[in-house]
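**Q** Build the 3D model from these lines:
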Amino acid sequence: MKPLTSLQNLIYQIGGILLIVGAILPVVPSLTAFAPYVFTTGSLMFATMQLQQRYQGCDITVRRLRRQQIVGAFLLLISACLMLMKWFHLGPLRGDEWKLTLAIAALLQLYTAFRLPAALRKSEEQ
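**A** Below is the predicted model of the structure:
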């Protein structure tokens, strides 16, 4: 996989932290108003840097895991949109649908975070 530069890696890490903070903020009543902004900023930073990485190889397992990672990144962006729709009372989805998409995205991201490095090492050994 194409490695990220140091600036891109910093943006990636800050985006991940903002994602976690933005997902936790709705629990704190006095800070609930900031949650959609923090989460959306984090998801944009995190997903953009994840989509910047490229895999040029031909290993089927790595390609599958990379596609799952991309789906997880898009689900994070969808979660941010749903969160904004809830807080601004826009569109037909005004409930907590963002939590479902966030849970699915988190599972995909967690799975690929552990499997992808192992699959990359295995493909480099061959």
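
**Q** For residue 122, see how far away the spatially most central residue of the chain is.
**A** Centroid-nearest residue in the chain: residue 73, 4.1 Å away (criterion: Cα atoms, centre = their mean). Distance of residue 73 to residue 122, given as Cβ to Cβ, to the nearest Å: 23 Å. Where C-beta positions appear, they are placed from N, C-alpha and C, glycine not excepted.

**Q** repeat for residue 48
**A** 28 Å.

**Q** hmm, back to that, please name the residues that touch the residue nearest to the centre of the chain.
**A** Contact analysis of residue 73 by Cβ atoms under 8 Å, 6 or more residues apart in numbering lists 46-47, 50-51, 105, 109.

**Q** where does this structure dip in pLDDT?
**A** Scanning the chain for pLDDT under 70 picks out nothing.

**Q** helix/strand/coil for residue 54?
**A** coil (DSSP: H, G, I helix; E, B strand; the rest coil).

**Q** oh sorry, the question was meant for residue 90
**A** coil.

**Q** doesn't residue 82 make contact with it?
**A** No - using Cβ atoms under 8 Å, residue 90 makes no contact with residue 82, being 10.1 Å away.

**Q** Settle it for me: which of these two has more neighbours?
**A** Neighbours were counted for residue 90 and for residue 82 using other Cβ atoms under 10 Å; residue 82 has more, 22 against 11.

**Q** Pull up the gap between the more buried one and residue 69, please.
**A** Using Cβ to Cβ, one gets 20 Å for the distance from residue 82 to residue 69.
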